[in-house]
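>>> Kindly generate the corresponding structure for this input.
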Amino acid sequence: MNSAPTRRTFLAATGVAALASTTLGSPSAWASPAGSDGAIDVGRGIGDMTGEPLGAGLNGYAVLEQSSAGLHLRQRARAFVFVDTASSQRLAHVTCEVGLMFESIFEEVLTRLASRFGDLYHRGNVLLSATHTHAAPGGTDGHLLVDITTLGFRPITFEANVSGIVDAVVRAHDDVQPGHVVITAGSLNDAGVNRSPLAFDRNPDAAEFPSKIDPRSVDLQLMRDGALVGVINWFATHGTSMKATNLLVSSDNKGYASWHWEREVAGVDYADPSFVAAFAQSAPGDVTPNLGKQPGTGPTDDEFDNTRIIGLRQFEAARAQTGTTGTRVTGGIEVRWMYVDFSGYTVRPEFTGDGRTHTTAPAALGAAFAASSQEDGGGLPALGLQEGERGGNPALAALSSLVMPGWLRDAHAPKDVILPVGLIPGIVQQVLPFHLVRIGAFYLFTCPFEPTVMAGSRLRTVLANTLGADRELIVIQGYTNGYGHYVTTPEEYDQQDYEGGATAFGRWQLPATEQIAADLASSMREGTAIESGGPTGDLTGSIPTSPGGVPLLDIAAPGTVFGQTLAQPAPSYARGQQVTVTFSGSNPNSNLRHDDTYLAVEREDGSDWVRVHDDGDWSTKILFENAGPITTTTVVWDIPVAAQAGRHRIRYFGDSRSLDGQLTPFVGTSAAFDVA
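Numbers count the residues shown, from 1 in each chain. Next up is the predicted model:
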């Protein structure tokens with residue numbers, strides 16, 4: 001018998017145990033009643049949202065040469081649906097392993113959820129947040145500034161992201177059951193460092209964080225029958241452990257943390273997860289995981305090791321909180337939300353700090369933005385642009401004073417404006433969404449920005465003061481339901497390091513956001529409705545499609561058939577060594593194999609072959625190299641030290657495309673080899 005049982009079968013066979021509908025009314029005017037004391041039911045779901053692993057620009061570093069050439073860790077969407085049993089009000093929270101969350105994805109997800117559930121899920125109660133990995137395929141925005149860095153719109157990756165998120169929400173919806181939720185907090189001090197310390201030190205309240213990072217690691221834990229079945233963790237560090245030269249699709253350090261807890265600790269099969277661990281972002285704008293303050297450095301000089309170590313530290317901080325005394329969440333669910341046009345939003349004197357009214361400005365990006373974060377890499381270093389702490393850009397400042405309109409320079413001062421992107425429709429998103437969620441005594445404020453540590457801290461203070469709530473039970477979450485670039489404190493803005501140059505709407509952007517947070521909190525505190533507004537027109541598909549993607553046809557390497565092994569493994573290996581097998585392959589973008597795999601590592605078990613690893617595992621990589629219609633595929637397996645000895649083989653699963661567009665599946669199988 002020659003079969004390949006699924007990983008779920010293998011996990012069950014080896015005894016690996018897992019860790020322990022009503023509409024909401026009109027979405028535009030809905031306001032939850034205050035004081036609900038019902039229990040909270042929760043559902044969990046995971047969706048595969050992996051984008052194109054070949055020829056797609058990776059989103060984050062804005063490096064045109066960084067185009068996908070393989071897959072290391074699949075991208076997942078992890079959804080939790082919370083339901084207040086007293087009022088039937090609900091919330092869908094999804095942590096998505098993408099670089100940024102865009103309005104285009106959010107709107108399409110809402111459309112598909114509405115087609116399935118009516119108005120049960122809508123723009124007021126769906127939160128889609130990005131983990132901010134810089135190693136995921138992009139081209140999904142619909143706004144030109146971001147999509148231009150991936151050479152246009154990528155419809156295949158867009159569909160992959162959207163369908164994976166929808167799958168996760170549907171599975172979480174179907175999984176809703178009684179349970180209870182607990183909030184805990186811990187401390188993590190060695191998974192990030194501040195990358196703009198001079199800007200940070202300008203803050204009069206900087207002493208709150210002596211290490212210049214926010215060490216808070218916050219868990220929202222889902223319990224059923226006394227067992228832990230799900231966690232959302234918030235911790236602030238960038239998804240930049242993988243460098244701008246990396247070409248493998250990866251979910252970076254937060255993806256490793258989720259994978260390790262689910263796959264290695266809980267033994268989860270993603271087709272039917274018994275435990276879901278989402279590692280979400282909070283306010284990491286000025287925090288890098290590169291502890292050596294250079295790309296790919298700290299704690300080692302290997303980007304893969306750094307990804308694993310920084311991810312493992314986040315897992316350990318989150319896992320250490322389980323079983324500890326926390327705050328049990330009771331008291332129902334409330335949500336307020338608001339869309340705001342940041343191209344000209346008036347900020348009241350009580351938020352500006354100088355007793356005067358100010359206004360945000362149309363989006364413009366500075367020279368320090370183009371310089372990029374020099375601790376993380378990317379950007380345009382060849383132009384010689386510098387952050388403020390490295391001397392700034394005097395020549396460019398002089399040029400800007402000549403070519404930029406005076407009113408725009410004044411509105412963004414002291415920024416040296418290099419890209420007045422808000423003056424042209426469709427370049428960047430300027431009407432932006434904000435949400436305030438209450439789950440019992442826990443509050444989550446979401447925004448589409450990348451908040452710095454102190455920006456997040458000030459937002460927490462405003463919310464605590466307005467709500468009369470415990471500041472320790474408030475989390476700020478960026479990268480949610482859209483993208484509006486960075487938000488710094490006014491003091492940090494004046495420094496014009498990378499974060500200040502990327503604060504798109506000027507010096508008063510954070511005070512404006514504080515005002516929005518206070519208005520949402522006041523509405524929630526008083527139990528009144530608030531005018532929510534709505535987005536501008538959906539721009540999905542308005543950007544030209546990026547070249548590449550699905551080929552016209554696939555041709556096997558000369559003298560071979562699809563799946564034929566071109567380079568066999570050695571006869572035997574020791575644990576800790578690397579196995580490499582090369583096949584005559586096909587373009588992987590024709591079938592992204594969601595909820596499936598491109599590869600399998602199998603171990604002989606009697607007359608059967610049992611799958612022990614696939615392309616969702618840390619120990620495997622799959623590399624694609626193509627020349628026109630000919631693709632060569634290499635599977636790499638780093639044999640874990642704890643691997644079981646025995647006879648093994650590598651399998652590769654592909655689909656070849658004919659000229660008429662028909663796909664024909666094929667399988668390649670290596671020679672068997674021994675692991676001692």
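
>>> Helix, strand, or coil at the residue nearest to L113 when sequence neighbours are not counted?
Using Cβ to Cβ, 6 or more residues apart in numbering and skipping residues adjacent in sequence, the residue nearest L113 is Y121, 4.4 Å away. For the C-beta atoms, the positions are set from N, CA and C on the backbone; glycine is no exception. Three-state call for Y121 (DSSP: H, G, I helix; E, B strand; the rest coil): coil.

>>> okay but Y121 is in contact with R112, surely?
No - using Cβ atoms under 8 Å, Y121 is not in contact with R112; the gap is 9.8 Å.

>>> gap between the residue nearest to L113 and A114?
7 Å (Cβ to Cβ, to the nearest Å).

>>> Show me how far the helix or strand S584 falls within is from its chain's centre.
Secondary-structure assignment from DSSP states H and E places S584 in strand 578-585. Relative to its chain's centre, strand 578-585 lies at 30 Å (Cα atoms, centre = their mean, to the nearest Å).

>>> got the contact list for the helix or strand following it?
Once the chain leaves strand 578-585, the next helix or strand it forms, by DSSP H and E, is strand 599-605. Under the contact criterion Cβ atoms under 8 Å, 6 or more residues apart in numbering, strand 599-605 has outside partners 4, 609-615, 619-620, 622, 635, 637, 644, 646-653, 672, 675.

>>> again, 7 Å this time
The contact list for strand 599-605 (Cβ atoms under 7 Å, 6 or more residues apart in numbering) reads 4, 609-615, 620, 622, 635, 637, 644, 646-652.

>>> Neighbour count: Y121 and A114, which is higher?
Y121 (25 against 14; other Cβ atoms under 10 Å).

>>> Run through the residues that contact that one.
Shown in contact with Y121 (Cβ under 7 Å, 6+ apart): A92, L113, V169.

>>> what's the helix or strand for the last one?
Right, V169. Taking DSSP H and E as the criterion, V169 maps to helix 155-174.

>>> Just the buried positions in that helix, please.
Applying a neighbour-count criterion of 16 or more other Cβ atoms under 10 Å, one finds 155-158, 160-173 buried in helix 155-174.

>>> coming back round to it: pairing partners for the strand holding S584, with directions?
Using DSSP bridges, the strands paired with strand 578-585 are strand 565-567 (antiparallel), strand 630-638 (antiparallel).

>>> Mind checking which of the contacts of strand 599-605 land in helices?
With helices taken from DSSP state H, there is no overlap with the contacts of strand 599-605.

>>> Quick check on these: which are buried?
Among the contacts of strand 599-605, those scoring as buried are 4, 609-615, 620, 622, 635, 637, 648-652 (criterion: 16+ other Cβ under 10 Å).

>>> wait, doesn't P53 sit right on L71?
Yes - with contact defined as Cβ atoms under 7 Å, P53 and L71 form a contacting pair (4.3 Å).

>>> which residues are common contacts for the two?
With Cβ under 7 Å, 6+ apart as the test, P53 and L71 both reach V249.

>>> got the contact list for T597?
Contacts of T597 by Cβ under 7 Å, 6+ apart are D614, D615, G616, F653.

>>> Please report how far E526 lies from T346.
22 Å.

>>> Name all residues that make contact with the closest residue to A397 other than its chain neighbours.
The shortest distance from A397 to any residue other than its chain neighbours is 4.3 Å, reached at D416 (Cβ to Cβ, 6+ apart). For D416, the contacting residues are G366, A367, N393, L396, A397, S400, by Cβ under 7 Å, 6+ apart.

>>> so the third one makes contact with Q386?
Yes - shown here, N393 and Q386 form a contact pair, counting by Cβ under 7 Å, at 5.9 Å.

>>> low-scoring stretches of the stretch 251-400 of the chain, by residue?
380-382 (pLDDT under 70).

>>> before we move on, what about the chain?
For the chain, the ranges with pLDDT under 70 are 1-38, 380-382.

>>> Mind doing that once more with 50?
Flagging of the chain using pLDDT under 50 yields the residue ranges 1-37.

>>> how's it carved up into domains?
Annotated domains of the chain cover 7-339+429-526, 565-675 [automatic domain parsing].

>>> who wins for proximity to P535 among those?
Of all those, it is domain 7-339+429-526 that lies closest to P535, at 5.8 Å by Cβ to Cβ.

>>> from the chain's centre, how far out does the closest one sit?
Here domain 7-339+429-526 is found 6 Å from its chain centre; the criterion is Cα atoms, centre = their mean.

>>> now, which of the contacts of T597 lie within strands?
Those of the contacts of T597 mapping onto strands are D614, F653, per DSSP state E.

>>> Find the pair from the contacts of T597 with maximum spatial separation.
Farthest-apart pair in the contacts of T597 is G616 and F653; separation 13.2 Å (Cβ to Cβ).

>>> so where do the strands sit in the stretch 401-550 of the chain?
For the stretch 401-550 of the chain, strands defined by DSSP state E, counting those that start in this stretch occupy the ranges 417-419, 431-439, 442-446, 450-451, 474-477, 486-487.

>>> quick one: strands adjacent to the third one?
Looking at strand 442-446 with DSSP bridges, its paired strands and their directions are strand 431-439 (antiparallel), strand 474-477 (parallel).

>>> Include mean neighbour count when you put those strands into JSON lines, please.
Output for the strands paired with strand 442-446, formatted as JSON lines (neighbours: other Cβ atoms under 10 Å):
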{"stretch": "strand 431-439", "mean neighbour count": "23"}
{"stretch": "strand 474-477", "mean neighbour count": "25"}
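
>>> can you put the ones you listed in CSV and add distance to V63?
Listed next are these as CSV, based on distance: least, Cβ to Cβ, whole Å:
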stretch, distance to V63
strand 431-439, 26
strand 474-477, 27
